[in-house]
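Q: I would like the atomic coordinates for the input below:
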Amino acid sequence: MKNPSTHSSTSLTVEGLTHDGRGVAKIDGKAVFVDQAIPGDRIEARITRQHSKYDEATLLEITTPSKDRVEPFCPHYQTCGGCQLQHMSVAAQQFWKTENFLTRLTQSVNSENCTICEPISASDRGYRRRARLGLAIGKKDKVAKLGFRQKESNELVDIESCPILSAPLNQAIQKHRPILLEQASRNYKELTLVEADNGVFGLNEPSGSQPFYKLNGLKLNFPQDGFIQVNRQVNVQMVEQALEWLELQPEHRVLDLFCGVGNFTLPIAQHVHQVTGIEGVAELVEYASDNADQNGLENANFHKADLFDDFRSKPWFKKQSYQRILLDPGRQGAFEICKQLSHLKAEIIVYVSCNAATLIRDIKELEAYGYQLSQACMIDMFPHTTHTEVMVQLRKTKKAKIRKPKRDIFKF
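A: The predicted model follows:
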């Protein structure tokens, strides 16, 4: 097919999905990315931007819809920037999220002996227990709004409820909307709401209460404005999977990096001789220590450290040996940390990540020190969005050796 101009329309068959949720078609072998198109769609599209390796196109018409195309369930979907994939079935979302992760993984690292596990998932609606809402008077229509940002805009979509948020969060929003809207101004204000096991915090914080959640029979306090895994059901499964992949024994010493308030650390402490949690935020270290105390876990200790600095001289690193290591960094990953972990010679490393790109980069670094990818899975922490969590298990081999990754068969 002759490459069309940016002024003409062309018929395309969508074959894949990008990591940011755009459909992938081809013209003479060149990839074309189309927003709102999904694999299996036959469409009419117009090329809007041309690049050396790919083009971008606007969807004009769906001539034959994919079997995986569904009607979005939220009335705000077309304008709200919160979700990107409601027009695709949940099963298809999970398939393509997994496919994209595994494609990038197998292209970059040695996956010869890697077992691919089923995705971790739960309910796709009412799952979010933490949210940031905007409050402001619209610049264009001068109307007070409480909601989420529009797609590709700083304007807000005014909402009374969101089908992705938990029922308690929606009830709190509906209850306090009238008062909040009266307080709106032209200056954008952000409100953070969180559903704890003892109430909703952020709008009507229970007087004198400390937010907490329960996990594995443990009670974990957390700061209202601090990090918490947004999907309660998936978090339970994710922790369970991590414990299984760590292959814990009673005599083990475990190192948990980026431990937060102890989401992984304290469940690990229930199975081993000792676990050490490291966190860069002093407030979270204090919360984690208090959580260990209130749950009677004397074998869990916590330290504050800058995990992006050289920490090899720290007593918890230099004078200890660990058989297992768990990492759960932010989107920036743990590249410098992985270089230092080679000195500990742990037998198993479990790495949890919200950014597959930095995870893969860090796995390549660990390969250089003798670790090999052994298990991997996608965690659907955020259904109907393009965001994913992923988890891998790496095992220490006898000696460091980097093998050439096998050729990917799914490359577009």
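
Q: Any idea how many residues pack against the nearest residue to His271 once chain neighbours are set aside?
A: Nearest non-adjacent residue to His271, counting by CB to CB, 6 or more residues apart in numbering: Leu248, 4.3 Å away. To be clear about C-beta, it is placed using only N, CA and C from the backbone, and glycine gets the same treatment. Residues near Leu248, counting by other CB atoms under 10 Å, number 21.

Q: ok, now how distant is Leu248 from Cys114?
A: Leu248 sits 21 Å away from Cys114, going by CB to CB, to the nearest Å.

Q: Over to Arg129?
A: Counting by CB to CB, the gap from Arg129 to Cys114 is 32 Å.

Q: Comparing these two, which residue is more hemmed in?
A: It is Arg129, of Arg129 and Cys114, that has more neighbours when counted by other CB under 10 Å, with 23 against 19.

Q: Dig out what the nearest residue to the more buried one once chain neighbours are set aside forms beta bridges with.
A: Spatially, and ignoring its direct neighbours in sequence, Arg129 is nearest to Glu195 (4.1 Å; CB to CB, 6+ apart). Beta bridges link Glu195 to Val200, judged by DSSP bridges.

Q: Could you verify my assumption that Glu195 touches Asn170?
A: No - contact criterion CB atoms under 8 Å: Glu195 and Asn170 do not qualify, at 9.9 Å.

Q: More neighbours: which of these two?
A: Glu195 (26 against 21).

Q: ok so, going back, ok now do the residue nearest to His271, which residues does it touch?
A: Val254, Ile268, His271, Val272, Arg324 (CB atoms under 8 Å, 6 or more residues apart in numbering).

Q: hang on, it is in a strand, isn't it?
A: No - applying DSSP: H, G, I helix; E, B strand; the rest coil, one finds Leu248 to be coil, outside a strand.

Q: Can you pull the phi and psi angles for it?
A: phi -70, psi 140 (degrees, to the nearest 10).

Q: gap between Lys219 and Ile337?
A: When Lys219 is compared with Ile337 (using CB to CB), they lie 30 Å apart.

Q: With Pro178 instead?
A: Per CB to CB, Pro178 is found 48 Å from Ile337.

Q: Between these two, which has more neighbouring residues?
A: In this view Pro178 and Ile337 are compared by other CB under 10 Å, and Ile337 has more residues nearby, 20 against 9.

Q: State the helix or strand in which that one lies.
A: Using DSSP states H and E, Ile337 sits within helix 335-341.

Q: Check the offset of stretch 359-374 from the chain's centre.
A: A distance of 20 Å separates the centroid of the chain from that of stretch 359-374, by CA atoms, centre = their mean, to the nearest Å.

Q: do the same with stretch 188-201
A: On the basis of CA atoms, centre = their mean, stretch 188-201 sits 20 Å off its chain's mean C-alpha point.

Q: Quick check: mean pLDDT of it?
A: Stretch 188-201 shows a mean pLDDT of 94.

Q: Distance across stretch 303-319, terminal residue to terminal residue?
A: Stretch 303-319 has an end-to-end distance of 14 Å (CA to CA, to the nearest Å).

Q: Sketch out the helices for the chain, chain order is fine.
A: With DSSP state H as the definition, the chain shows helices at residue ranges 90-108, 167-182, 232-246, 265-269, 282-294, 315-318, 335-341, 356-367.

Q: Of these, which stretch is the most buried?
A: helix 265-269 (a mean of 26; mean count of other CB atoms under 10 Å).

Q: what's across from the closest residue to Ala25 other than its chain neighbours in the sheet?
A: Nearest-residue entry for Ala25: Leu12, 3.9 Å, with adjacent residues in sequence omitted and distances by CB to CB, 6+ apart. Note on Leu12: beta-bridge partners Ile43, judged by DSSP bridges.

Q: residue contacts, Leu12?
A: Ala25, Lys26, Ile27, Val32, Val34, Ala37, Arg42, Ile43, Glu44, Ala45, Ala57.
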